[in-house]
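[1] build me a structure from this.
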Amino acid sequence: MFCSSCGIANVDGVVFCKSCGAPFLPFFTSSNRLIAAFLSLLIPGLGQAYLGRPGALRWFIKTIIGYVLFIIPGLVFHALCIFDAISVPKPK
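    The predicted model follows:
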């Protein structure tokens, strides 16, 4: 299988690319990321929780505070939360 990030060929069944370290887990497929983005659209942070990422509660709190204080910061945090749910994290 070929890495979608760097294009290097890898052995089938590996978890991370041997060259760049990008994840190959089926969990990180675009459809699951789209589900995560949709969940974050409904409730900020829910997409991160769906993907098992830390910080879901922080996204929820920041977005709610942004909506309470002013509408624009809430919309910005909500959009950033959705983008974060779509993005694939770098392996550590």
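
[2] the helix or strand that contains residue 81 packs against which elements?
    Using DSSP states H and E, residue 81 sits in helix 71-86. Applying 3 or more C-beta pairs under 8 Å, 6 or more residues apart in numbering; DSSP states H and E, we find helix 71-86 packed against helix 30-42, helix 46-51, helix 56-69. Heads up, the C-betas are built off the backbone N, CA and C, glycines and all.

[3] so where's this structure uncertain?
    In the predicted model of the chain, residues 1, 4, 13, 24-31, 88-92 satisfy pLDDT under 70.

[4] residue 3 versus the residue lying farthest from the centre of the chain, what's the distance?
    What lies farthest from the middle of the chain is residue 69; by C-alpha atoms, centre = their mean that is 25.9 Å. Separation of residue 69 from residue 3 (C-beta to C-beta, to the nearest Å): 43 Å.

[5] what's the answer for residue 68, then?
    43 Å.

[6] who has more neighbours, those two?
    residue 3 (19 against 10; other C-beta atoms under 10 Å).

[7] got the contact list for the more buried one?
    9, 10, 17, 19, 20, 22, 24 (C-beta atoms under 8 Å, 6 or more residues apart in numbering).
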